[in-house]
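In: here is the input, now give the coordinates:
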Amino acid sequence: RPPPPPSSTASLIAHFPPHPLDALPTTMSHPVPFAMAMSPLDSSHVPLAPSSPIHSFKGDNKGTVAYPSHVRREFNKKPADYTGDLVRLLDDIATQTHGIAAYIKEQDEIMQYGRVGAKAISPDFATRHMYKALSFDGYACLINARNREVPLVFPDDVPHGNYVVCLSPLDADPVTNYQEACGTLFSIYKRKSATSMAGRYVDLQQACKDQVAAGVIRYGTATVLTYTMNSGVFSFSLHPVACQFFLNPRHPVSILSAPPLDGLAIYGSRAILKSPTPLGKGLAAFSAANTAKWISPGGVAVAALSALAQGAIFVSVGLDLLCEAGPLALIFEQAGAACVDANGKRILDLAVTEDFRVQTAVVAGRKEVVEEVMSAVRAQGAVKK
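Out: Numbers count the residues shown, from 1 in each chain. Here you go, the predicted model:
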């Protein structure tokens, strides 16, 4: 039986043992921390609370990080400015690709649901959408579009930002009409002219190594955005319902972690092998010696990302230095690969001095394989290393 209830206060105190807190002095010469005052003096027998599973959860490894949050975190590692304009500019570019992806899926420049698209989307369509999105934001001063002969400047009555956007708006396969296998390449530089005014031609005299950010958006059954801010390459997928880019589980992107292929693969057009140039002859000799298979998945953006994901070689000629070769070189090198021109010179060491429409060839991939390719090219009479 339980003991009978005490009949008085004195018997109540005698019935229960004293609490450890009763031993604390009533007057103290120094304050006691709240946690110490509220905890028993002898806590060795007190069981600890179980650790929460959320404490050990790392969202970065689960692919749940949204693109805007990731951009801000990467920006804090190497701030390019003190205003955050670069972060907002990257946000605007990514947001505009949502609409471009929807139009590409409809295969028409006019969105009419329930009807099959009749007019193929042109690169100028994507350029117009990007121009409208960036012209009133105040983060860029001009757009250098691959499909335009002259750069696009903004009106005088809008704010002009501190960045130059180089853009290959819609890179598609020139052979097939299947437009979903296409992509957008972009590169961002700091302007050189005075601020608070429209961009100048001097703002296009840039060195590829001075890029502050670069990226590739690949459209298709899944829209994938791959970008870098000189601190690694990261890939995001567009959620079809949330309309937001979320980080893919495998990150950062590295060509060294690509799964091994069954044989050597080269992403590019086989027409290069017929070229009488040292690059064409060297690639032909290298392909024959290594029994390499050539894959042509579409445009430049799709081929480059496919080669990067599979650890293969990417080869292309006639690429615009600022709009295509520059951003691809920065992405490849940040992913641990090499990217050189037809003479074996590093693409990021090239610069624009006068004519901003400089074209170059690109050979990118694993460093040791690229060195073997360039050895074969030099053997055919290219510029000596």
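In: so what's G183 closest to, chain neighbours aside?
Out: Of all residues not flanking G183 in the chain, A301 sits nearest, at 2.7 Å (C-beta to C-beta, 6 or more residues apart in numbering). For the C-beta atoms, the positions are set from N, CA and C on the backbone; glycine is no exception.
In: name the residues of whichever helix or strand that neighbour is part of that are buried.
Out: For A301, the element it lies in under DSSP states H and E is helix 300-310. Using 16 or more other C-beta atoms under 10 Å as the test for burial, helix 300-310 gives V300, A301, V302, A303, A304, L305, S306, A307, L308, A309, Q310.
In: what helices and strands are in contact with it?
Out: Here helix 300-310 touches strand 163-172, strand 182-190, strand 213-219, strand 265-267, strand 313-320, helix 326-334, strand 359-365, going by 3 or more C-beta pairs under 8 Å, 6 or more residues apart in numbering; DSSP states H and E.
In: of all those, which one comes closest to E74?
Out: Closest of the helices and strands packed on helix 300-310 to E74 is strand 213-219, at 9.1 Å (criterion: C-beta to C-beta).
In: within its sheet, name the partner strands of the helix or strand that comes right after the closest one and how each one runs.
Out: Once strand 213-219 ends, the next helix or strand along the chain (criterion: DSSP H and E) is strand 224-228. Strand 224-228 has the following strand partners under DSSP bridges: strand 213-219 (antiparallel), strand 233-238 (antiparallel).
In: need the mean per-residue confidence for strand 224-228.
Out: Strand 224-228 carries an average pLDDT of 95.
In: run the angle between that strand and helix 326-334 for me.
Out: 80 degrees (axes from the mean of the first three to the mean of the last three C-alpha atoms, to 10 degrees).
In: could you pull out the helices for the stretch 51-200 of the chain?
Out: Secondary structure of the stretch 51-200 of the chain by DSSP state H, counting those that start in this stretch: the helices cover 67-77, 85-106, 123-134.
In: reformat these as TSV; add mean neighbour count and mean pLDDT.
Out: Formatted as TSV, the helices of the stretch 51-200 of the chain follow (neighbours: other C-beta atoms under 10 Å; pLDDT from 0 to 100):
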stretch	mean neighbour count	mean pLDDT
helix 67-77	16	92
helix 85-106	19	89
helix 123-134	19	88
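In: any idea which of those helices gets closest to T223?
Out: Taking these one by one with C-beta to C-beta, helix 85-106 is closest: 4.4 Å.
In: what pairs with G365 across the strands?
Out: Beta-bridge partners of G365, as defined by DSSP bridges: A338.
In: returning to that earlier point: quick check, the residue nearest to G183 in contact with P169.
Out: No. If you go by C-beta atoms under 8 Å, A301 and P169 don't touch, sitting 10.8 Å apart.
In: overlap in contacts, those two.
Out: T184 (C-beta atoms under 8 Å, 6 or more residues apart in numbering).
In: how much space separates A265 from L279?
Out: 18 Å (C-beta to C-beta, to the nearest Å).
In: settle it for me: which of those two has more neighbours?
Out: Just comparing A265 and L279: by other C-beta atoms under 10 Å the higher neighbour count belongs to L279, 24 against 18.
In: my guess is that one meets A361, correct?
Out: Yes. When contacts are counted by C-beta under 8 Å, L279 is listed as touching A361 (5.9 Å).
In: give me the common contacts of these two.
Out: By C-beta under 8 Å, 6+ apart, the residues touching both L279 and A361 are V317, A342.
In: on that earlier part again, can you redo the strands paired with strand 224-228 as JSON lines with mean neighbour count?
Out: Output for the strands paired with strand 224-228, formatted as JSON lines (neighbours: other C-beta atoms under 10 Å):
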{"stretch": "strand 213-219", "mean neighbour count": "26"}
{"stretch": "strand 233-238", "mean neighbour count": "22"}
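In: redo these as JSON lines? Include mean pLDDT and distance to L348.
Out: Output for the strands paired with strand 224-228, formatted as JSON lines (pLDDT from 0 to 100; distance: least, C-beta to C-beta, whole Å):
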{"stretch": "strand 213-219", "mean pLDDT": "93", "distance to L348": "11"}
{"stretch": "strand 233-238", "mean pLDDT": "94", "distance to L348": "14"}
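In: now those as TSV including distance to A126?
Out: Below are these laid out as TSV (distance: least, C-beta to C-beta, whole Å):
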stretch	distance to A126
strand 213-219	10
strand 233-238	16
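In: what residues does Q380 make contact with?
Out: With C-beta under 8 Å, 6+ apart, Q380 has these contacts: P278, K281, G282, A285.
In: which one (most neighbours) among those residues?
Out: G282 (22 neighbours).
In: per-residue confidence at that residue?
Out: Taking G282 on its own, its pLDDT is 92.
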